[in-house]
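S.K.: A predicted structure for the sequence below; I have some questions about it.
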Amino acid sequence: MFVFKRLLLSSLLLTLTLSAQERVGKYQLADKISKNAYSTWDITIFPDGKNLPTGKGSYTEGKVLYNNLCMACHGENGKGGVQLDPYRNPIDTLVKSKGDSLRAQKPKKNIGTYWQYAPLLFDYIRRAMPYQAPKSLTDDEVYALTAYLLAENKIIPKTLVLNKSNLAHVKMPNVDGFICDNRVDALGTPCMSNCPVPSDKGYTQPVKSDQEDHLKSDCLIPPKLKF
């Protein structure tokens with residue numbers, strides 16, 4: 001009986017090995033993605049406004065959209081994030097209130113205190129909102145919501161109609177509040193022995209920057225913008 005089990009196991013292993021060898025290089029799990037299908041996901045907007053679509057939106061249009069699609073989670077006028085359940089913190093507010101600061105004991109990270117570049121707000125709304133139906137908004141609707149939120153944060157006037165030409169030139173209050181982390185472990189393979197400490201030469205490294213292709217930069221390099 002023992003010999004039979006060993007033979008059965010050997011036979012099973014041999015079958016699995018041959019089967020695996022036959023499948024080497026033959027996996028066909030999906031068709032090659034088409035250019036049209038890929039374009040629906042290739043929607044990244046960069047800090048300098050690169051890839052912003054054609055369109056426009058006003059504060060008034062954005063306010064209507066916000067009240068209909070966003071207020072249930074983010075509160076009236078963006079100042080009252082709700083608590084979805086007792087196990088989560090309330091949703092962060094979107095609009096800065098008087099006294100909100102990143103330097104407070106409990107820092108407030110909202111659009112008026114934290115966000116670095118206005119086009120990134122457009123990117124996030126288009127990509128992820130509304131929560132129950134992401135990527136369902138038109139470009140004009142995203143511009144309108146962006147205009148509403150920026151105006152409520154007193155970053156732009158309510159009369160400004162946003163479009164691809166002017167959104168990147170909106171100066172955010174915290175535009176200079178970020179730095180590139182160029183410590184040796186942040187830009188390369190983690191050091192495992194004889195690692196430099198802050199006072200040592202080599203603890204930080206030069207930051208690679210590419211103004212034409214942001215993905216080739218080591219960090220989110222501040223683009224050359226005239227606000």
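M.R.: Structure received.

S.K.: Please make it C-alpha for all contacts and neighbour counts, starting now.
M.R.: OK.

S.K.: quick one: which helix or strand includes the most centrally placed residue in the chain?
M.R.: The centroid of the chain falls nearest to Y124 when counting by CA atoms, centre = their mean (6.0 Å). Using DSSP states H and E, Y124 sits in helix 118-128.

S.K.: Tell me how far that helix lies from the chain's centre.
M.R.: Chain-centre distance of helix 118-128: 8 Å, with CA atoms, centre = their mean, to the nearest Å.

S.K.: Could you do stretch 167-186 as well?
M.R.: Put simply, stretch 167-186 sits 14 Å off its chain's centre (CA atoms, centre = their mean).

S.K.: Could you do stretch 212-227 as well?
M.R.: Here stretch 212-227 shows a centroid-to-chain-centroid distance of 15 Å under the convention CA atoms, centre = their mean.

S.K.: Please parse this protein into its domains.
M.R.: As assigned by automatic domain parsing, the chain contains the domains 41-177, 179-227.

S.K.: coming back round to it: identify each buried residue in the helix holding Y124, please.
M.R.: If you call a residue buried by 16 or more other CA atoms under 10 Å, then helix 118-128 has these buried ones: A118, P119, L120, L121, F122, D123, Y124, I125, R126, R127.

S.K.: Surely K208 is in contact with S217?
M.R.: Yes. Using CA atoms under 8 Å, K208 is in contact with S217, at 5.3 Å.

S.K.: circling back to that earlier point, I would like the residues contacting the following helix or strand past the helix holding Y124, please.
M.R.: Next helix or strand after helix 118-128 toward the C-terminus (DSSP H and E): helix 139-152. Defining contact as CA atoms under 8 Å, 6 or more residues apart in numbering, one finds that helix 139-152 is touched by 53-63, 65-66, 77-78, 94-95, 111-112, 121-122, 125-126, 156-158, 160-163.

S.K.: which ones are touching the closest residue to R127 other than its chain neighbours?
M.R.: Spatial nearest neighbour of R127, chain neighbours left out: K135 (5.3 Å); criterion: CA to CA, 6 or more residues apart in numbering. Residues near K135 by CA under 8 Å, 6+ apart: R126, R127, A128, M129.

S.K.: hmm, 10 Å instead?
M.R.: Contact analysis of K135 by CA atoms under 10 Å, 6 or more residues apart in numbering lists T40, W41, Y124, I125, R126, R127, A128, M129, V142.

S.K.: same question, L160
M.R.: Contacts of L160 by CA under 10 Å, 6+ apart are G57, S58, Y59, A147, Y148, A151, N166.

S.K.: Tell me the buried residues within the residues you listed.
M.R.: The neighbour count (16+ other CA under 10 Å) marks G57, S58, Y59, A147, Y148, A151 as buried among those.

S.K.: on that earlier part again, as TSV, the buried residues of helix 118-128 with pLDDT and distance to F178 would be great.
M.R.: Below are these laid out as TSV (pLDDT from 0 to 100; distance: CA to CA, whole Å):
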residue	pLDDT	distance to F178
A118	97	14
P119	97	16
L120	96	14
L121	97	16
F122	98	19
D123	97	19
Y124	97	18
I125	98	21
R126	97	24
R127	95	23
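
S.K.: for these, which one is nearest R183?
M.R.: Nearest to R183, judged by CA to CA, of the buried residues of helix 118-128 is L120 at 25.3 Å.

S.K.: Please look at that closest one and F46 and confirm they touch.
M.R.: Yes. Judged on CA atoms under 10 Å, L120 makes contact with F46 at a distance of 6.7 Å.

S.K.: Could you single out the nearest of the contacts of L160 to P107?
M.R.: Out of the contacts of L160, the member with the shortest distance to P107 (by CA to CA) is A151, at 21.6 Å.
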